[in-house]
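>>> Sequence and predicted structure are below.
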Amino acid sequence: MTLLAATIPDAVTFVIAAAICVLGALGVVLSRNPVHSALMLVMTLFGVAVLFVEEDAQFLAAVQVIVYAGAIVVLFLFVIMLLGVDQKEAIERDPLPAQRPVAICVGILVLAEVLLLARGHWPTGARSVSGAIGSPADNVGLIGRSVFTTYLLAFEVTSALLVVAVIGAVVLARRPRPALGGSAPATGPAVEPDGDDEDPDDTEPDGGEAGTAETVSSAAAQAEDELASPEVPGP
Amino acid sequence: MTTAASWYLTLAAVLFTIGAIGLLVRRNVLVMFMCVELMLNAANLTFVTFARRLNDIAGQTAVFFVLVVAAAEVVVGLGIIVSIYRRRPGATADDIHRLKG
């Protein structure tokens, strides 16, 4: 680390990585295509990973690249492609006219406040019991010892959280129909062909005589049947 | 080692603000979600900065837990987004403000 710091000044590294981070963050917010936003998010995450290395957090830099850029952004892109929502957002139609200026004003207020806090006001008081940051070679070991001794309870709660998240994702992403569909198709197609048989019998004479509203309603009903179960016209 | 910690905190503040403004301005649900990730990364940068400044490994451990929580949040959030888009394609955040399916 000292050798690296001797060759490349830390300030230069910081400035380049910070520029990459800020450009990527602006790209996330300003690009209209969600795919471009996701790729810009990757750029920001890599910049933050460089800053993690710069601040002696080598393990977190690796995790940042692997988990965030490798898993989370890929998940984003997968959902974008799955849903086909990569069309451009209609920016000009704004249902709340005052939202954007107010949002920017609130953002500037937040920035001023956080910058004011970043100027000085360092936290003081007792250190935690986790231990000091050692040499870069000990980083993984130190984090592991901290996680599995001091923060063991939080680690176990985290595992429970992951289980809950997995179950929640499965429940949310499941189609709402198949639970009914397992039992319904036995009755559904059996009922609906009767409706199909009745509708032509009723409507075709009526449509031939006078009623156009009847034919329209029966056509709508037939369309609903076809939408509800596409395999009905086959049998 | 020579870079002042306040530089990192300033950068984290800028990243957090960009994420917050994006969360308030954009209406695409996926992009709003990415802005939440930006804000989480700004908080992570602050944690790591203070971990080095105070010479305490607990800051990096906190970032580890934030990463895990972010992964869980992304999984559940994308599940919700998928179910929303399945019911009404092309929905923005304004279309689902009543939280009715």
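Alright, I've got the coordinates.

>>> Would you agree B:N41 is in contact with A:M43?
No. Between B:N41 and A:M43 there is no contact under Cβ atoms under 8 Å: 11.8 Å. For glycine as for every other residue, the C-beta is placed from the backbone atoms N, C-alpha and C.

>>> Compare these two and say which one has the larger neighbour count.
B:N41 (29 against 17; other Cβ atoms under 10 Å in any protein chain shown).

>>> what's the distance between that one and B:G19?
Distance of B:N41 to B:G19, computed by Cβ to Cβ, to the nearest Å: 8 Å.

>>> between these two, what contacts are shared?
Counting by Cβ atoms under 8 Å, 6 or more residues apart in numbering or on different chains, B:N41 and B:G19 have no common neighbour.

>>> Just name the shakiest helix or strand of chain A by mean pLDDT.
One helix or strand of chain A scores below all others by mean pLDDT, DSSP states H and E: helix A:184-209, with a mean of 41.

>>> And the helices in chain A, which stretches?
A:2-7, A:10-30, A:34-54, A:58-63, A:73-83, A:99-119, A:139-145, A:152-173, A:178-181, A:184-209, A:212-228 (DSSP state H).

>>> Please work out the average pLDDT along the first one.
So the one you mean is helix A:2-7. On average, the pLDDT along helix A:2-7 is 49.

>>> How about the third one?
Per-region confidence: helix A:34-54 scores 93 on mean pLDDT.

>>> Just the CA trace of that helix, in CSV.
What follows is helix A:34-54, C-alpha atoms only, in CSV (Å, rounded to 0.1, in the frame of the first residue of the first chain):
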residue,chain,number,x,y,z
PRO,A,34,-33.6,2.3,-18.0
VAL,A,35,-30.9,0.1,-19.6
HIS,A,36,-28.6,3.0,-19.9
SER,A,37,-29.4,3.9,-16.3
ALA,A,38,-28.4,0.4,-15.2
LEU,A,39,-25.1,0.5,-17.1
MET,A,40,-24.3,3.9,-15.6
LEU,A,41,-25.0,2.4,-12.2
VAL,A,42,-22.3,-0.2,-12.9
MET,A,43,-19.9,2.7,-13.6
THR,A,44,-20.7,4.3,-10.3
LEU,A,45,-20.3,1.0,-8.4
PHE,A,46,-16.9,0.5,-10.0
GLY,A,47,-15.8,4.0,-8.9
VAL,A,48,-17.0,3.3,-5.4
ALA,A,49,-15.1,0.0,-5.4
VAL,A,50,-11.9,1.8,-6.4
LEU,A,51,-12.5,4.2,-3.5
PHE,A,52,-12.9,1.2,-1.2
VAL,A,53,-9.5,-0.1,-2.2
GLU,A,54,-8.1,3.3,-1.6
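
>>> Show me how chain A divides into domains.
A:1-89, A:174-229 (automatic domain parsing).

>>> Spatially, which residue comes closest to A:A154, not counting chain neighbours?
Distances taken as Cβ to Cβ, 6 or more residues apart in numbering or on different chains place B:F65 nearest to A:A154, at 6.2 Å, with adjacent residues excluded.

>>> Compute the inter-axis angle for the helix or strand where the one you found lies and helix A:34-54.
In this assignment (DSSP states H and E), B:F65 forms part of helix B:58-87. Put simply, helix B:58-87 runs at 170 degrees to helix A:34-54, going by axes from the mean of the first three to the mean of the last three Cα atoms, to 10 degrees.

>>> Next, give phi and psi for A:A132.
phi -90, psi 160 (degrees, to the nearest 10).

>>> Quick check: it touching B:I57?
Yes. With contacts counted by Cβ under 8 Å, A:A132 reaches B:I57, the gap being 6.8 Å.

>>> So for these two, which residue has more residues nearby?
A direct count of neighbours by other Cβ under 10 Å for A:A132 and B:I57 places B:I57 higher, at 25 against 12.
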